[in-house]
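Chemist: Here is the input, now give the coordinates:
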Amino acid sequence: MIRLPIGLAALCLTMSAIAAEPFDDKFRQLDELLPTPTTIRTASGAPGHAYWQQRADYQIRATLDEANRSISGAETITYHNNSPDTLSYLWVQLDQNIYKPNSDARTTATLPSREAWQGRSATDGVKFDAIRTVLEARTFPGGFNIKSVKDGNGRPLNFVINRTMMRIDLPQPLKAGARTAFSIEWSYNITDMKVLGGRSGYEKFDDKNDLFEIAQWFPRMAAYYDVYGWQHKQFLGSGEFTLEFGDYDVQLTVPADHVVASTGELQNPDAVLTPAQRDRLKQARTADKPVLIVTQAEAEAKEKQRATGTRTWHYKAKNVRDFAFASSRKFIWDAQGFKKDSTNVLAMSYYPKEGNPLWGQYSTQSIIHTIDQYNKYSFDYPYPVAISVNGPVGGMEYPMISFNGPRPTKDKKTGELTYSKRTKYGLISVIIHEVGHNYYPMIINSDERQWTWMDEGLNSFVQYLAEQAWEEHYPQSRGEPRVIADYMKSRNQVPIMTNSESVLQFGNNAYAKPTAALIVLRETVLGRELFDFAFREYAQRWKFKRPTPSDFFRTMEDASGTDLDWFWRGWFYTTDAVDVSVDGISEYTIGTKDPDIEKAWQKAQRDAQPISITDQRNKGTLPRRVDAHPELKDFYNEHDDFTVTNKDRNKYNEETEGLEDWEKALLKEGKHLYLVDFSNLGGLVSPLVLEITLQSGKKYIERVPAEVWRYSPKKITKLIITDEPMVGLTQDPYLETADTDVSNNAWPRKATPSRLELFKSQREQNDMMKDFAEKLKTAKDKDAKTEAQKAE
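Modeler: Next up is the predicted model:
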C-alpha cells in the first residue's frame, strides 16, 4: 500500500496506459459500413415516407397422391408492382429443385477435410444415414416438373429455369403501380424426410401409414425490393426464404380419411369434419385447457381401415408471406382458444399417437405460452390460428403453422412410450422457437436468404425470454453469455454479418451468438427498460415490412437514445471475443499531513513487513553489546525514525492553516484508493462489472460503461475508492459479458475447481484365437432368447 499525497489524486482519475501499437478506435461510427439513409429507409431506422414493397396473391388447387407420394397442382399468381420501377420479367422460386440430382446443393456438398479423416481411428467412419442420403440423392427424381406457364388469357409465357429460380418474360413491361396475373401448372415427388432431410417431406410408420409435412411445395414469387432488387440468390440449403406478402385461396385434395393442418382458416368445416368434431372445435375456443377435436381412438380406427376416395379442404389466409400444410390419417388433433388484448387465436396441435403422452400435455400449452410472451416484446399476434404439428421435420416454421419433431421413444422390452428430460424440454423449446418465427420473419419480414441471424438470432433471443417465463431453472440455453464463451474463442468462425450460405458453425453463429449479444445488450449495456422499449419499437415499425440489419441497428439506437456503434461493430462485424483481465492492483490512502497519524501509519507499514530469516534466527540466541553495556544507549536508542518532533507538528500547523474547511475535511476522510489495471485480451470492448469485497465482508457491484475503453482499447487503469480496505475484486462475477477466460478475472486470483476421474490403465487385448473360437450366433439363437425373455 502506498500513501498518496493529496495533490496526485486528481491525476489518478484519468490515468490510462498508453498503447504502444497504432490506435484501434473501437468506438468509431458505423457510417463506413451502413448504407446511406434514404426516404425509403431513414436514418432513425424507421420505414420512410417513400417505403414500398411488392405483393403477390395466390389461388392454388393441389392434389396429394398418397400412393405415389407426389403432389400436382395449378396456381394463379396476381403480382402487384408497387415499386417505382418498370419490370420486364419476373423471378419465381423453385425451391424443390434443390432435390434434383444435379442441383448446386448436391454437387457442392462436401465431407469433412482430409486432415479430419486422417485423425480418425480404423473403427471410425461415416454414418449409415449419411451415406444413404448421398446415394439416394444421386437417383431420386426430385424437383419441380413445370408443365405450363400462361398469362391471364391462357397464352403461353416464355420462361427460363436457372436451377432453383425461374424467370418469366412478360409480353409487356409491368409499369410502376400496375399488376399482372399468370398461372403455373406443376408437380413433384415428395421426399422421404428421414432419408433426404430438408424442411418438408413424408414419414412412413410401421403401421404402413404416412404423415406428410408439405412446404416449399408451389412456385413462389421471389422478392424484389429497394436494397437488392430481385433476391434470386440460389437456394443451397442454408439461406432460407425471402418472400412477399399476399392473400391465399387454397384448395387441397387429399385422401378422404386424412386430417389436414394448414396455414389459414378452414372455409368448409361442414364438408370435412363430423358434427361432433365441429362441436368440439367450437368448445375449444373458450376452453381453459386443450380440447380433443380428433381423439386418439378416432385416429387409430382410421389407421386400420383406409377409406377410398378423396376430400377437399379449403383454406384462406390473409396477408401472409407463405403457405404450408400437413396431412395424415394418423393425426390426433387438439385445440384451445387464447384471447388477450387484440389477439384472438385458436392454438392447435396435430400429432400421431406416437407423440403421446408428451404432445397432448405440452404442445398446445406451449403455443399459447409463446404467443403470450412474444406479444410482450413485439406486438399482438394478428393471425386467427397457430399450429404445431409433430412429424418427420425436427423444427420448421411457416405462417400460422410449424413442424416440430421431438416425441417419446418406445421401450423395446415393455413397449411403453417414455421420454427423457431432454426430450420434454426440447419439445417445449422447439415449439416456442418455431411458433415464435411467426413474429420473426413471418411478420417482421427480413431477408432470410441474405441474413440468417435477423430471424434466427432475434427469434432465439425472444425464445430465451419465453423459456425463462415457463418455469424457474429452465434448462440452460446455448445462447446464454456464459455458454457462448467457448464458441467466442474458437478459431473456425466468421462474423455474424456473413451471408447465410457462407456461415461457419451455423447454429452458434446465427442462433446462439446473436442471442448472447442481445442478452448482454439488455442486461448489461442498456438495462431492461431501455432495451425492451427499443426492441418493441423495432417490431412495431417493421411488422409486415422488410427490415435490413441497418434498420435494426439504427432503430435500437434511436429508441434507446444510446450510441451502440461500438457494440454492433464488435459483436456483429468481427470475431473478437470478450476477455478482460485484472492485471494488478495498487493500493493508496490519502495522506492526512498530521505527523502523529502519518508516522504511526509508516511504522505500522514497517512492522507489517516480513521478518528476515536472519533476524528470526538471531532472536534470543545472539548476545547484544548494548544489552551488556547499557551506557552505550543514547537518544537514538529510545527514539526511532517514526518519533514525532515539535518541528513536524509546527510544519503541519503551517500547512493546514491556509486550507478551507472542505479541504481539511477531505484530509480526514480516510478513503482507500485502488488503481486497478485491466487488459482487453479478447479485443471486444465490454462494460466492466466489478464485484468489490471489503475487509468487513461487505460486497457491492460497481458497473462501468464500455466507453471506459474509448481512449485506450487494450489497457486501462481504473481508480476505485472505498471507505474501508478492499480485500477482493472480481470482474464479471455473474458471467454476464461472455468473458472467455474467467481465470484472470479476479484479484487475488482464484483457483478453478474441477474433478479428477481415476481409471484403470488396462485395455482389452486383441485375442484372435478367442475370437475365432467364439460360437457363431444366428437369427435362431436370437429368437430363442426372445422367447425365453417372454416366458420370464
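
Chemist: Tyr89 should be in a strand, yeah?
Modeler: Yes. Under DSSP: H, G, I helix; E, B strand; the rest coil, Tyr89 sits within a strand.

Chemist: which residues does it contact?
Modeler: Applying Cβ atoms under 8 Å, 6 or more residues apart in numbering, one finds that Tyr89 lies in contact with Arg167, Ile168, Asp169, Leu170. (C-beta placed from N, C-alpha, C; glycine too.)

Chemist: what about 10 Å?
Modeler: By Cβ atoms under 10 Å, 6 or more residues apart in numbering, the contact list for Tyr89 reads Leu157, Asn158, Phe159, Val160, Arg167, Ile168, Asp169, Leu170, Pro173, Leu174, Trp230.

Chemist: just Ala56 next, same as before
Modeler: Neighbouring residues of Ala56 by Cβ under 10 Å, 6+ apart: 77-80, 90, 92, 179, 220-223, 243-248, 321.

Chemist: mind listing the helices for the stretch 551-700 of the chain?
Modeler: In the stretch 551-700 of the chain, the helices defined using DSSP state H, counting those that start in this stretch lie at 565-572, 595-607, 613-618, 625-628, 635-638, 646-657, 661-667.

Chemist: And the stretch 251-400 of the chain, by the same measure?
Modeler: Counting by DSSP H, counting those that start in this stretch, the helices of the stretch 251-400 of the chain are 269-272, 275-284, 296-304, 358-377.

Chemist: of those, which approaches Lys410 most closely?
Modeler: helix 358-377 (12.5 Å; Cβ to Cβ).

Chemist: Which elements pack onto that closest one?
Modeler: Here helix 358-377 is seen to pack against strand 332-340, strand 343-351, strand 385-390, strand 401-404, helix 421-436, helix 453-468, helix 528-542 when contacts are counted using 3 or more Cβ pairs under 10 Å, 6 or more residues apart in numbering; DSSP states H and E.

Chemist: Let's see that with 8 Å instead.
Modeler: Contact partners of helix 358-377 among helices and strands, from 3 or more Cβ pairs under 8 Å, 6 or more residues apart in numbering; DSSP states H and E: strand 332-340, strand 343-351, strand 385-390, helix 421-436, helix 453-468, helix 528-542.

Chemist: so of these, which one's packed in deepest?
Modeler: Neighbour counts averaged per stretch over these are highest for strand 385-390, at a mean of 26; criterion: mean count of other Cβ atoms under 10 Å.

Chemist: That one to helix 421-436, inter-axis angle?
Modeler: Interaxial angle, strand 385-390 versus helix 421-436 (axes from the mean of the first three to the mean of the last three Cα atoms, to 10 degrees): 150 degrees.

Chemist: And the contacts of strand 385-390?
Modeler: Among residues not part of strand 385-390, those counted as contacts by Cβ under 8 Å, 6+ apart are 213, 261-262, 264-265, 326, 345-352, 355, 359, 363-364, 366-367, 370-371, 400-405, 407, 431, 434-435, 438.

Chemist: ditto for stretch 488-502
Modeler: The set of residues that contact stretch 488-502 without belonging to it, under Cβ under 8 Å, 6+ apart, is 233, 236, 238-240, 448-453, 457, 487, 503-505, 508-510, 513-514, 517, 549, 571-575, 577-579, 682, 738, 740-741.
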